[in-house]
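A.B. asks: A predicted structure for the sequence below; I have some questions about it.
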Amino acid sequence: MKRRPLARLLRGNFRTQAPALAAQWSASVLLLITYGEMRSWSLIPVVALLLLMRQSYALFLDIRETYRTTVEVLVEAAESQDDRRFGHAHRTAATARAIAMHIGLPAPAVERISYAALLHDLGELSDAIGAEGILPVREIRSAEVVAGVEFFRSVEPILQICDGDASRVDVTADLALAAMIVALASDIDCELSWQARAAHRDSTMGHVAPWVSSGLKARAVGAAIELGYPIPAVS
């Protein structure tokens, strides 16, 4: 059966907004049922309640956007320690988002992949900051940097796979695909930017490949090809 990426994406967006939509629908139904027993002035508190729910959901979205902006600023600050890396995380996140959306992954999965792409090089960035460009004896992993942060709990397993340290992770198909998309997006940016390629010790896909089936690799690579990205060697 042919996949329907647009339909899957719309279903994902609906699930994201489902709580707010359900609350507003319930209030609307209640209004219709009780309208015959209400006077016109009684509509005021009902309308006010609907507006309050709408505003609360808008505030929730603003908070999520603030989190993302904060993460982007922190990553950019870390990247500024090495001019070759500057912009790599942002470009990787944009590419990963495009691939995930083209595949038709639901909105929560696209968001999680986007965060993982922003954070996937934190380990190497921490090395550069801590040792002023000289690699320390102990290599820091990206997943270690975000470990214990509740907001990144769903992102941490993806980073562990991208770190090549997934022995303690229950690598489901969803996690493997997410890590593959992040690694592919990172290596695509390295194909497009010699500075980013020079700054990396090795291929991110090299870390991820052992945990990803050939079918999932083909799915991610196929989406990237359809979007016109240059494809690096995939083992």
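C.D. replies: Done, it's in. Numbers count the residues shown, from 1 in each chain.

A.B. asks: low-confidence bits of the protein, can you list those?
C.D. replies: 1-68, 70, 125-139, 233-235 (pLDDT under 70).

A.B. asks: what ranges do the helices span in it?
C.D. replies: Secondary structure of the chain by DSSP state H: the helices cover 5-34, 43-79, 88-103, 107-119, 122-131, 142-146, 156-162, 173-192, 194-199, 204-208, 214-226.

A.B. asks: buried residues, the fourth one. List them.
C.D. replies: Using 16 or more other Cβ atoms under 10 Å as the burial criterion, the residues of helix 107-119 that qualify are 107, 109-119. (Each C-beta comes from the backbone N, C-alpha and C, glycine too.)

A.B. asks: got the angle for it vs helix 173-192?
C.D. replies: 40 degrees (axes from the mean of the first three to the mean of the last three Cα atoms, to 10 degrees).

A.B. asks: report the inter-axis angle for helix 107-119 versus helix 88-103.
C.D. replies: With the same axes, to 10 degrees applied, the angle from helix 107-119 to helix 88-103 works out at 160 degrees.

A.B. asks: state the distance from residue 202 to residue 89.
C.D. replies: 17 Å (Cβ to Cβ, to the nearest Å).

A.B. asks: between those two, which one's more packed in?
C.D. replies: residue 89 (25 against 8; other Cβ atoms under 10 Å).

A.B. asks: give me the distance between that one and residue 173.
C.D. replies: With Cβ to Cβ as the criterion, residue 89 and residue 173 are 26 Å apart.

A.B. asks: try residue 88
C.D. replies: 27 Å.

A.B. asks: more neighbours: which of the two?
C.D. replies: residue 88 (25 against 11).

A.B. asks: which one is that one nearest to, not counting chain neighbours?
C.D. replies: residue 196 (4.5 Å; Cβ to Cβ, 6 or more residues apart in numbering).

A.B. asks: so how many other residues sit close to the one you found?
C.D. replies: Residue 196 has 22 nearby residues by other Cβ under 10 Å.

A.B. asks: repeat for residue 106
C.D. replies: By the criterion of other Cβ under 10 Å, residue 106 has 18 neighbours.

A.B. asks: returning to what we had before: and the buried residues of helix 107-119 as JSON lines, adding distance to residue 83?
C.D. replies: As requested, those are arranged in JSON lines below (distance: Cβ to Cβ, whole Å):
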{"residue": "107", "distance to residue 83": "34"}
{"residue": "109", "distance to residue 83": "33"}
{"residue": "110", "distance to residue 83": "30"}
{"residue": "111", "distance to residue 83": "29"}
{"residue": "112", "distance to residue 83": "29"}
{"residue": "113", "distance to residue 83": "27"}
{"residue": "114", "distance to residue 83": "24"}
{"residue": "115", "distance to residue 83": "24"}
{"residue": "116", "distance to residue 83": "24"}
{"residue": "117", "distance to residue 83": "20"}
{"residue": "118", "distance to residue 83": "19"}
{"residue": "119", "distance to residue 83": "20"}
